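J.: mind looking at a prediction? Sequence and model below.
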Amino acid sequence: MRFGASELASVLGATMHGPDVELDGAEFDSRLLSPGRLFVPIVAERDGHDFVADAVGHGAPAYLTARGRVEGVDAVAIEVADTVQALMDAAAWARGRLHARAIGLTGSVGKTSTKDLLAGALGTTFAVTANERSFNNEQGLPVTILNADERTEVLVLEMGMRGWGEISRLCEVARPDLGIVTTVGASHTERVGGVDGVAKAKRELVEALDPSGTAILNADDPRVDAMAEYTVAGVLRYGTASMSDIHVTDLQLDELARARFTVRTPWGEARIRLAVSGAHMAGNAAAAIAAAGVLGVPLDTVAASLERTGVSEMRMEVTRTQAGALVVNDAYNANPTSMMAALDALAAMDAMRRIAVLGPMAELEDPDEAHRQVAAYAAELGVQLVAVGTDLYGVAAAQDPLDALGVLGAGDAVLVKASRVAGLEWVARRLAGDA
């Protein structure tokens, strides 16, 4: 989206230092900045103001600042009290400039994959803008809106939370017409007082919808299904439950645990074949089918899209080593619900030996019990467990997980998964690098 620096300064009630320049969107990471974008320094563990010069060197004509002008930097400075709040305010203004419908998505598991599948399905019919990767917080969501093309017809906006009120604030900016809630699980429980606290935080999305909107809820998750009582919008349910409006039946998995199922909807019936692994992806696809159907995309068009659409990296990303072993990189994040879903997928794959390389799960109210449950589930499925960075699974942590795996070949399947703080994707990449 193009706008003038002086126009933005006026919207923000900010002081502008320097001449007016044209801007084309915004970025908060100087390493990812495209020429022409506004740089927004975020003050967190590191102060983004320290990277203003780098951003300008990468082509930022202007930057927000809560520290005054940066000496020796030849770019326009827009001085604000708080750069994060200014970014949110700028995105709320930009949202008003777009003649687009918006779909908000949240959930403890599956929101990024659902976003990817939905963006692909809607992209067959509309000009779509969606979050890159998992840029779903008070920095990522506003940047998604500010970087949207003016011709965008549908915004697909993933919304994350680590506490109460965060999704409400994102909804004030995004103003969603549709809201999808995938699951409620044990993620960030230490911050909101357990799984019921997570449900309360997630339902802020459906509470924000107008009567003209639609809440799309997972009927297979009782806490999500109960959110129908907290919205004035219309409700569509999806899942395997018999009362689902988008009903998943006859679910089967192929040799890579990719789902094949029949879906019955208000718009007809179709056989769906997914390109991504995991039975849990059928629910994500059903949510995408529901939202696409509400917006008028023909069911056969959606089905064809789902057959070829992948999801973001480090989410059930399947590769093979040179020797033929399967490697499943699901290392972007983890909580007990997503761990068990990934283990189910591993167990369903055509392999003689199945190994899970698991790192720690973070921000849990009872981490000891959560890790024990995952370890017990892996044992129940016959999956060998290699722990990395934690002893909470009840086995000693491997100093070198590649060493612990030993020689892998055809007939072996390895899952790599942990919370984001563990950065365990390097294991999957080293294994896949043998290819």
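T.: Noted; the coordinates are in hand.
J.: tell me how far stretch 120-136 is from the chain's mean position?
T.: 12 Å (CA atoms, centre = their mean, to the nearest Å).
J.: would you work out how far apart the start and end of that stretch are?
T.: Length of stretch 120-136, first residue to last, CA to CA, to the nearest Å: 18 Å.
J.: what are the buried residues along it?
T.: For stretch 120-136, burial by neighbour count (16 or more other CB atoms under 10 Å) applies to 120-123, 125-126, 128-131, 134-136. Placement of C-beta: from N, CA and C, glycine included.
J.: which of those scores worst on pLDDT?
T.: Ranked by pLDDT, the buried residues of stretch 120-136 bottom out at Ser134, which has 75.
J.: ok so that one is a helix residue?
T.: No. Counting by DSSP: H, G, I helix; E, B strand; the rest coil, Ser134 falls outside a helix, being coil.
J.: OK, contacts around it?
T.: 112, 140, 158, 160, 312, 332-333 (CB atoms under 8 Å, 6 or more residues apart in numbering).
J.: where exactly do the helices run in the stretch 201-350 of the chain?
T.: For the stretch 201-350 of the chain, the helices defined by DSSP state H, counting those that start in this stretch cover 204-207, 222-225, 280-294, 299-308, 336-348.
J.: sorry, back to before: out of the contacts of Ser134, list just those in strands.
T.: Glu158 (DSSP state E).
J.: buried only: go through the contacts of Ser134 for me.
T.: With neighbours counted using 16+ other CB under 10 Å, those contain these buried positions: 112, 140, 158, 160, 312, 332-333.
J.: can you lay out those as CSV showing pLDDT?
T.: Formatted as CSV, the buried ones among the contacts of Ser134 follow (pLDDT from 0 to 100):
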residue, pLDDT
Thr112, 92
Gly140, 94
Glu158, 96
Gly160, 90
Ser312, 90
Tyr332, 93
Asn333, 91
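J.: low-confidence stretches in this protein?
T.: Applying pLDDT under 70 to the chain flags the ranges 186-193, 434-435.
J.: domains in it, by residue range?
T.: Domain ranges of the chain: 2-82, 98-308, 317-432, per automatic domain parsing.
J.: most tightly surrounded among those?
T.: Of these, the one with the most neighbours on average (mean count of other CB atoms under 10 Å) is domain 98-308, at a mean of 21.
J.: tell me how far the closest residue to Glu204 other than its chain neighbours lies from Glu158.
T.: Distances taken as CB to CB, 6 or more residues apart in numbering put Ile167 closest to Glu204, at 4.0 Å, once the chain neighbours are dropped. Going from Ile167 to Glu158 by CB to CB, to the nearest Å gives 11 Å.
J.: perfect, I'm done here.
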